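K.L.:
The following block contains a protein sequence and its predicted model.
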Amino acid sequence: MTQRDIFLVANEVNELGGVGRWQIQLATLLAERGHRVTVVGIAPPHHPMDLGERPPFRTETLYARRPPSRPRPRRLLGSADPAVRRHEAHMRKAAARLTELFRAARPGAMIIVPQVWAMEWVALADTAGHPVIGMTHESFDTCRKSSRFQRVKKYFAPVDRLLALTQEDADHWVGEGLTNVDFLPNPLPFLPDTPSPRSEKVVASIGRLSHEKGVDMLLDAWAEVAPRQPGWTLRIHGSGPAEQQLQQQCADLGLQDSVDFAGQTDDVPGALRASSLFVQSSRGEGFPLSLLEAMACGVPCVAFDCAPGVREIITHEEDGLLARPGNTMELARHLVRLMSDQHLRDTFGERALHTVRRFDPETITRRWEELFDFLER
């Protein structure tokens, strides 16, 4: 196996969230296999994750403070607008540090860019001939509805490989005219020794309390569930900008006795082992780590089928249940069905333990190394 210099260039080194957790896990997996890994952030994190005392990779951040957004050029001046030129000069100065890092790397180095904002700086740097792998960590449909869509097509079109998270999303990007597309799923974040006994009357939800995660829709569904399943608790782990609004919604629906806002947890496996079901009510997703985590703990999942990554992880009626996106009545019916049937919960949970192993970290890391070898040819 070739030991390589690998650069992960992201928006931030250790931002709390799915992409941040993914990049730290991948950096650790690659470092443990003997690669020399550097994680470069463009800006400091808003909500930092703890990397521990001695992470097995180097870190560097280009800016001490988050840089201002790119100004819109005035119509008559275009790219000659002084504000635009000052901003680009500022970006080029920061990108020069990337050039230094890339030029100092050994032959066979790889540059991985998991976010398009970070790619704007990599595009200004001299990559010293090293292959560049871009990534999009959201579904094609979610990206298409955002301002990132045109930027992904612009900045990732020239890279050596653009990775989606599923074959279905990769095919959509090919349909947009990109010819460098492949896919690689996220690896399992952990493999616990002890799965959930599925004995507690708890339905768990884990994620940021934001509009995108759809906890408001989950509460609407729970208003249908709670009267039919007394004694059960919906335990919501997470924090975020919608927390106060969601707590008010919970009170308005009269659900305080059956809903527990448990706050952000540092012990995800423990939270999952203390539950018998997991529910995800997101409006959009990429390849959700929380579903992988729940299934790795033997906890069957109920989720909105809001993205190819969701149905890639959950097989409906085999190891979990999928509801049509936004259909809270259907989500409620699925929850009631599993809450009222211990045998079905156990059957789905045991299957989940088995099927989720296809995303084993060793398997996914080996696929990354196979991609590195292919791009070096």
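P.N.:
In hand now; what should we look at?

K.L.:
any idea how far residue 330 is from residue 236?
P.N.:
20 Å (CB to CB, to the nearest Å). No exception for glycine: its C-beta is placed from N, CA and C like everyone else's.

K.L.:
out of those two, which sits in the busier spot?
P.N.:
residue 236 (27 against 18; other CB atoms under 10 Å).

K.L.:
The closest residue to residue 208 other than its chain neighbours in helix, strand or coil?
P.N.:
Spatial nearest neighbour of residue 208, chain neighbours left out: residue 240 (4.3 Å); criterion: CB to CB, 6 or more residues apart in numbering. The local conformation at residue 240, judged by DSSP: H, G, I helix; E, B strand; the rest coil, is coil.

K.L.:
ok, residue 240 to residue 144 distance?
P.N.:
Residue 240 is 24 Å from residue 144, by CB to CB.

K.L.:
now swap in residue 331 and tell me
P.N.:
From residue 331 to residue 144 the distance is 24 Å (CB to CB).

K.L.:
Alpha carbons of the host helix or strand of residue 366, as CSV, please.
P.N.:
Element membership for residue 366 (DSSP states H and E) is helix 361-376. Extracted C-alpha coordinates of helix 361-376, given in CSV (Å, rounded to 0.1, in the frame of the first residue of the first chain):
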residue,chain,number,x,y,z
PRO,A,361,-15.1,1.8,8.0
GLU,A,362,-12.5,-0.7,6.7
THR,A,363,-14.5,-1.3,3.6
ILE,A,364,-15.0,2.4,2.8
THR,A,365,-11.4,3.3,3.6
ARG,A,366,-10.2,0.6,1.2
ARG,A,367,-12.4,2.1,-1.5
TRP,A,368,-10.8,5.5,-0.9
GLU,A,369,-7.3,4.0,-1.4
GLU,A,370,-8.4,2.2,-4.5
LEU,A,371,-9.6,5.6,-5.9
PHE,A,372,-6.2,7.1,-5.0
ASP,A,373,-4.4,4.4,-6.8
PHE,A,374,-6.6,4.8,-9.9
LEU,A,375,-6.1,8.6,-10.0
GLU,A,376,-2.3,8.2,-9.8
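
K.L.:
what element comes up after the lowest-mean-pLDDT helix or strand in the chain heading to the C-terminus?
P.N.:
Taking mean pLDDT, DSSP states H and E as the measure, the chain has helix 82-103 as its least confident helix or strand, at a mean of 91. Sequence-wise, the next helix or strand downstream of helix 82-103 (DSSP H and E) is strand 110-113.

K.L.:
what packs against that next one?
P.N.:
Contacts defined by 3 or more CB pairs under 8 Å, 6 or more residues apart in numbering; DSSP states H and E place strand 110-113 against strand 5-10, helix 116-122, strand 132-135.

K.L.:
Quick check: buried residues in the least confident helix or strand of the chain?
P.N.:
In terms of neighbour count (16 or more other CB atoms under 10 Å), helix 82-103 has its buried residues at 84, 87, 91, 94, 95, 97, 98, 99, 101, 102.

K.L.:
Do I have it right that residue 6 meets residue 39?
P.N.:
No. Under the criterion of CB atoms under 8 Å, residue 6 is not in contact with residue 39, lying 9.4 Å apart.

K.L.:
for the stretch 201-350 of the chain, what spans make up the strands?
P.N.:
Taking DSSP state E, counting those that start in this stretch as the test, the strands found in the stretch 201-350 of the chain are 202-206, 233-237, 259-263, 277-280, 301-304, 320-323.

K.L.:
Go through the ones you listed and name the closest to residue 64.
P.N.:
Residue 64 sits nearest to strand 259-263 of all the strands of the stretch 201-350 of the chain, at 30.5 Å, using CB to CB.

K.L.:
May I see the buried residues of the closest one?
P.N.:
Buried residues in strand 259-263 (16+ other CB under 10 Å): 259, 261, 262.

K.L.:
Can you verify my assumption that the last one contacts residue 239?
P.N.:
No. With contact taken as CB under 8 Å, residue 262 and residue 239 are classed as non-touching, separated by 9.9 Å.

K.L.:
Next, count neighbours for the closest residue to residue 13 other than its chain neighbours.
P.N.:
With CB to CB, 6+ apart as the criterion, residue 13 has its nearest non-adjacent residue at 3.7 Å, and that residue is residue 41. Residues lying near residue 41 (other CB under 10 Å) number 22.

K.L.:
quick one: pLDDT of residue 74?
P.N.:
What the model reports as pLDDT for residue 74 is 67.

K.L.:
how about the buried residues of strand 259-263 in TSV, adding distance to residue 176 and pLDDT?
P.N.:
Listed next are those as TSV, based on distance: CB to CB, whole Å; pLDDT from 0 to 100:
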residue	distance to residue 176	pLDDT
259	42	98
261	40	98
262	41	97
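
K.L.:
Name the nearest of those relative to residue 335.
P.N.:
residue 259 (13.2 Å).

K.L.:
separation between the closest one and residue 248?
P.N.:
From residue 259 to residue 248 the distance is 12 Å (CB to CB).

K.L.:
got it, and residue 367?
P.N.:
Taking CB to CB, one finds residue 367 at 45 Å from residue 248.

K.L.:
so what sits against both of residue 6 and residue 39?
P.N.:
Contact criterion CB atoms under 8 Å, 6 or more residues apart in numbering; residues shared by residue 6 and residue 39: residue 27.

K.L.:
Now residue 60: closest residue in space, sequence neighbours ignored.
P.N.:
With CB to CB, 6+ apart, the residue lying closest to residue 60 is residue 40, at 5.1 Å.

K.L.:
Residues in a beta bridge with the one you found, which ones?
P.N.:
residue 9, residue 60 (DSSP bridges).

K.L.:
Can you give me the neighbour number for it?
P.N.:
23.

K.L.:
got it, and residue 199?
P.N.:
Should you count by other CB under 10 Å, residue 199 turns out to have 10 residues around it.

K.L.:
One more: residue 233?
P.N.:
17.

K.L.:
same check, this time on residue 266
P.N.:
Neighbours of residue 266 under the rule other CB under 10 Å: 7.
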